[in-house]
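# Dropping the sequence and predicted coords here.
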Amino acid sequence: MVKNVVSAVSILVAGLVFTLSIPSLSIAQYVSPDFVDLAKKLKPTVVNIRTAKIIKPKQRMQRPRTQSPFDNFFEDFFGQHDQMPQQRPRREQSLGTG
């Protein structure tokens, strides 16, 4: 008995969903998916696109401690092993118009 009621309700719901979807299918045929018609109507148009994101610093590779003749050369440019400054996150922005 319960199975019959569940089956009947399922069939009714499926029929209702199908019936309601038919008008939306016919409307979808007239809508341009690539907005060509809309762009022709609104020409000339200017858009402004702006983006921003936070760039996280990458982990720095540690130079191995060696007794190399180049250690003094590298310390002149990069500082000693323990004195390397930490990088902070930075904000990157872009802007475009057209």
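Received it, and whenever you're ready, just let me know what you need. Numbering: from 1, shown residues only.

# For the nearest residue to residue 96 once chain neighbours are set aside, I want the exact helix or strand it lies within.
Computed as CB to CB, 6 or more residues apart in numbering, the closest residue to residue 96 that is not its neighbour in sequence is residue 49, at 4.8 Å. Every residue, glycine included, has its C-beta placed from N, CA and C. For residue 49, the element it lies in under DSSP states H and E is strand 48-55.

# So what are the sheet partners of that strand and their directions?
strand 90-97 (antiparallel) (DSSP bridges).

# I'd like to know the average pLDDT value across the strand it pairs with.
Strand 90-97 shows a mean pLDDT of 90.

# Same check on stretch 42-58?
Mean predicted confidence for stretch 42-58 is 85.

# Identify the residues contacting residue 50.
Contacts for residue 50 were tallied using CB atoms under 8 Å, 6 or more residues apart in numbering; they are 93, 94, 95, 96.

# Could you check how many residues crowd around the second one?
This points to residue 94. Using other CB atoms under 10 Å, residue 94 has 9 neighbouring residues.

# ok, it to residue 54 distance?
Noted for residue 94: a distance of 13 Å to residue 54, by CB to CB, to the nearest Å.
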